[in-house]
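Undergrad: structure for the following, please:
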Amino acid sequence: MKKFMASLAVLSMVLVSLLGGTAFAEELVINGSTTVLPIGQAAAEKFMEANPGVNVSVSGGGSGNGIKALIDGTTDVAMSSRFIKEKEVAMAVEKGRYPVPFAVAVDALLPVVHPSNPVKDLTIEQLRDIYLGKIKNWKEVGGPDKAIVAVTRDTSSGTFEVWEEKVMDKKRISPRALVVASNGAMVQTVAGNPAAIGYIGIGYLNDSVKTLTVGGIEGTAKTALDGSYPISRYLFMFTQGWPTGVTLKFINFVLSDEGQEIVASTGFIPVR
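TA: Residues are numbered from 1 along each chain as shown. Take a look at the predicted model:
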């Protein structure tokens, strides 16, 4: 009997050593906005380094899809570049879920063009008329004699909805506009077409595109925070009810000094 118990104890220790690192790891699922995605990915990487017993998976797909996943219970954290809608709150409550918002960053939504385009500034009204299809040629706004190629985001995108609200005044974007699925695709499309115009979160700005001022105001951390830039917004992470356990630990990390340094390192604007 003693030999049997000793063998059982050894077997138990072997099983714990083999399975303990994976079978009992805590899981955290994060889904949603492609704008917030770089923040989520960078924060998850640092969080897992500090918490080796936690596995964090992060994926994009759009703000609307992230909030839908939260309502359906298939994600722990929904990243969103817009605030949750009343109808989404109603759907969540019907399922016994109560989304809680955490503002994790500030963003300036920037109109961008090809670097060869001489246009430097557009008003909100000019941007709206371009996306409505009323302004069709760059020469109408001081640019070259080229037909404008407007590039927009898909309707599940929070970035699209902020543009629709703050620039379009809820008016319908022309069906002739090209539709892309992410900020990265927007940058790539505009960088490859001298006649194109698009819009991106500030964290995606690079030398392959040129940003325009809006009504003479440049989109920067300062103008976004003081409200003088007209197309600024908060970026959010939503949880299912008040977070607990590893979800709370992750949200606290993103809002900590280290987490806000990560926000800044991705090109976005810290909230604190």
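Undergrad: in the chain, which spans are helices?
TA: 2-19, 37-50, 63-72, 86-94, 124-132, 158-166, 183-191, 221-226, 245-255, 257-265 (DSSP state H).
Undergrad: mind listing what's buried in the fourth one?
TA: I take that to be helix 86-94. E88, M91, A92 (16 or more other Cβ atoms under 10 Å). For the C-beta atoms, the positions are set from N, CA and C on the backbone; glycine is no exception.
Undergrad: I'd like to know which of the helices of the chain lies nearest to S116.
TA: helix 183-191 (10.6 Å; Cβ to Cβ).
Undergrad: counting contacts, what elements does the closest one pack onto?
TA: Contacts defined by 3 or more Cβ pairs under 8 Å, 6 or more residues apart in numbering; DSSP states H and E place helix 183-191 against strand 99-113, strand 149-153, strand 178-180, strand 196-201.
Undergrad: now the ones you listed in CSV, with mean pLDDT and mean neighbour count?
TA: Listed next are those as CSV, based on pLDDT from 0 to 100; neighbours: other Cβ atoms under 10 Å:
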stretch, mean pLDDT, mean neighbour count
strand 99-113, 98, 22
strand 149-153, 98, 22
strand 178-180, 98, 16
strand 196-201, 97, 26
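Undergrad: as a markdown table, those with distance to L122 would be great.
TA: Putting these into a markdown table (distance: least, Cβ to Cβ, whole Å) gives the following:
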| stretch | distance to L122 |
| --- | --- |
| strand 99-113 | 6 |
| strand 149-153 | 12 |
| strand 178-180 | 18 |
| strand 196-201 | 8 |
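Undergrad: so how far is R233 from the spatially closest residue to T211 that is not a sequence neighbour?
TA: Among residues not flanking T211 along the chain, L110 sits closest, at 4.5 Å (Cβ to Cβ, 6 or more residues apart in numbering). L110 sits 12 Å away from R233, going by Cβ to Cβ, to the nearest Å.
Undergrad: and G201, by the same measure?
TA: 9 Å.
Undergrad: next one: T239
TA: 20 Å.
Undergrad: ok, now L178?
TA: 23 Å.
Undergrad: how about stretch 38-54 as PDB, C-alpha atoms only?
TA: Taking Å, rounded to 0.1, in the frame of the first residue of the first chain, the C-alpha atoms of stretch 38-54 are listed here in PDB:
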ATOM      1  CA  PRO A  38      -2.900  48.200 -31.600                       C
ATOM      2  CA  ILE A  39      -3.600  49.300 -28.100                       C
ATOM      3  CA  GLY A  40      -5.200  46.000 -27.200                       C
ATOM      4  CA  GLN A  41      -2.400  43.900 -28.800                       C
ATOM      5  CA  ALA A  42       0.400  45.900 -27.200                       C
ATOM      6  CA  ALA A  43      -1.300  45.900 -23.800                       C
ATOM      7  CA  ALA A  44      -2.100  42.200 -24.000                       C
ATOM      8  CA  GLU A  45       1.600  41.300 -24.700                       C
ATOM      9  CA  LYS A  46       2.900  43.300 -21.700                       C
ATOM     10  CA  PHE A  47       0.100  42.000 -19.500                       C
ATOM     11  CA  MET A  48       0.900  38.400 -20.300                       C
ATOM     12  CA  GLU A  49       4.600  39.000 -19.600                       C
ATOM     13  CA  ALA A  50       3.600  40.200 -16.100                       C
ATOM     14  CA  ASN A  51       1.000  37.500 -15.700                       C
ATOM     15  CA  PRO A  52       2.300  34.200 -17.200                       C
ATOM     16  CA  GLY A  53      -0.700  32.300 -16.000                       C
ATOM     17  CA  VAL A  54      -3.000  34.300 -18.300                       C
END
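Undergrad: same question for it, mean pLDDT?
TA: Taken as a whole, stretch 38-54 carries a mean pLDDT of 97.
Undergrad: do the same with stretch 241-249
TA: Stretch 241-249 shows a mean pLDDT of 97.
Undergrad: circling back to that earlier point, so the residue nearest to T211 touches I202, yeah?
TA: Yes - here L110 reaches I202: they are 5.9 Å apart, a contact under Cβ atoms under 8 Å.
Undergrad: list residues touching both of those two?
TA: G219 (Cβ atoms under 8 Å, 6 or more residues apart in numbering).
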